[in-house]
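Trainee: Build the 3D model from these lines:
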Amino acid sequence: MSVIGQEMSRTGQWFHPVEPSPDASVRLFLLPHAGSGAIIYRDWESLLPADIAPQAVTLPGRHNRREEATYEDWDPLVDALHDAVLDELDDRPFAFFGHCLGAQLAFRLATRMEDEGGPSPVLVGMSGWSPEGWFAPTEEQSRMPEPELVEWIKKLGSFPAEVYDNPEMLALVVPALRADLRIAAQYVDDKAGVRCALASYGGRSDPLQEDPEAMKHWAGRSPAYLGHSEYPGGHFYIDAHAQAVTTHFAQRLQRIVASAER
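Mentor: Numbers count the residues shown, from 1 in each chain. Take a look at the predicted model:
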């Protein structure tokens, strides 16, 4: 079992593994899509090079934290996640990578940390989301009847096929998904940007991408934008292309850290 898998048995933990590798020179915080948790990055620790220590985030209300109340409002969630990250940091450089809702949260954490003038990421990876030209859920959609909600996430391929026909598994997934959709519906784009390096990733046939040029908007959000990488597949292209994405992102992160140390 992977370290992330072992740590999933613990409760009240934001990050998995709880302790990052002491031998790594840089840390990487991974933020998941709506309705999920650290488990979506379960393979990343074995795919990333040893000098990068990944820690995946699990929000309250799912997996090992399912007994905790979910956040349903944007600001309190960002506040809590911001404090959790700050409490976790040491003197090593760090980066964020987020997919979908995780990308929204990673981006806002980065802008807030830079605005505060304290520790901030050296690189932010944006996957499966753009602040412009992208589908934005509404409050009403987060409350649609369960059969409609399940059909919608089934089309996206959000969860393994066996989830959809298993009432017990759906009962675990749907409440967290509803809460996350309500949070995503509150996101307001104020044209904010980051000073750190930023890289974007996406699936070529993502059904949530409403504007074919949506990912190009990231070029205006960072003076150190590193470009967009696109892969075959839809919104969850990242599952099939984890090896390619981790290799590409890790190389960029290593170059940035090495350059800063010169």
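
Trainee: Break down the stretch 1-150 of the chain into its helices, ranges please.
Mentor: For the stretch 1-150 of the chain, helices defined by DSSP state H, counting those that start in this stretch occupy the ranges 3-7, 44-47, 74-88, 101-116, 139-142, 146-156.

Trainee: Deepest-packed of those, please.
Mentor: Among the helices of the stretch 1-150 of the chain, helix 101-116 has the highest mean neighbour count (mean count of other C-beta atoms under 10 Å), at a mean of 22. C-beta: built from backbone N, CA, C; applies to glycine.

Trainee: Give me the contacts around that helix.
Mentor: Contacts with helix 101-116, where a contact means C-beta atoms under 8 Å, 6 or more residues apart in numbering, come from 29-34, 57, 77-78, 81-82, 85, 96-98, 119-121, 124-129, 131, 180, 183-184, 187, 192-196.

Trainee: got the helices of the stretch 1-150 of the chain as a markdown table, with distance to Val18 and mean pLDDT columns?
Mentor: Below are the helices of the stretch 1-150 of the chain laid out as a markdown table (distance: least, C-beta to C-beta, whole Å; pLDDT from 0 to 100):
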| stretch | distance to Val18 | mean pLDDT |
| --- | --- | --- |
| helix 3-7 | 5 | 39 |
| helix 44-47 | 13 | 96 |
| helix 74-88 | 9 | 96 |
| helix 101-116 | 19 | 97 |
| helix 139-142 | 31 | 90 |
| helix 146-156 | 29 | 85 |
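
Trainee: Export those helices to a markdown table and append columns for distance to Ala250.
Mentor: Output for these, formatted as a markdown table (distance: least, C-beta to C-beta, whole Å):
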| stretch | distance to Ala250 |
| --- | --- |
| helix 3-7 | 17 |
| helix 44-47 | 8 |
| helix 74-88 | 20 |
| helix 101-116 | 16 |
| helix 139-142 | 35 |
| helix 146-156 | 27 |
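
Trainee: Wait, Pro232 touches Ile238, no?
Mentor: No. The criterion here is C-beta atoms under 8 Å, and Pro232 misses it with Ile238 at 11.6 Å.

Trainee: more neighbours, the two?
Mentor: Ile238 (23 against 10; other C-beta atoms under 10 Å).

Trainee: From Glu88, how far out is the more buried one?
Mentor: Shown here: Ile238 relative to Glu88, a distance of 24 Å by C-beta to C-beta, to the nearest Å.

Trainee: same deal with Asp43?
Mentor: 22 Å.

Trainee: Name the nearest residue to Gln186, sequence neighbours excluded.
Mentor: Trp74 (4.1 Å; C-beta to C-beta, 6 or more residues apart in numbering).

Trainee: got the contact list for that neighbour?
Mentor: Per C-beta under 8 Å, 6+ apart, neighbours of Trp74: Ile183, Gln186, Tyr187.

Trainee: Show me where the stretch 101-250 of the chain has its strands.
Mentor: 123-127, 197-203, 224-231 (DSSP state E, counting those that start in this stretch).

Trainee: deepest of those strands, which one?
Mentor: strand 123-127 (a mean of 27).

Trainee: who's sitting farthest from the centroid in the chain?
Mentor: Most distant from the centre of the chain: Arg262, at 30.1 Å, with distances by C-alpha atoms, centre = their mean.

Trainee: Looking at that one now. What's its pLDDT?
Mentor: Looking at Arg262, its pLDDT reads 74.

Trainee: Roughly how far does it sit from Arg255?
Mentor: 11 Å.

Trainee: could the strands of the stretch 101-250 of the chain go into TSV alongside mean pLDDT and distance to Pro49?
Mentor: Below are these laid out as TSV (pLDDT from 0 to 100; distance: least, C-beta to C-beta, whole Å):
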stretch	mean pLDDT	distance to Pro49
strand 123-127	98	15
strand 197-203	98	17
strand 224-231	97	18
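
Trainee: okay, these in TSV with distance to Val18 next?
Mentor: What follows is those, written out as TSV (distance: least, C-beta to C-beta, whole Å):
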stretch	distance to Val18
strand 123-127	22
strand 197-203	27
strand 224-231	30
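
Trainee: To His217, which of the ones you listed lies closest?
Mentor: strand 197-203 (9.1 Å; C-beta to C-beta).
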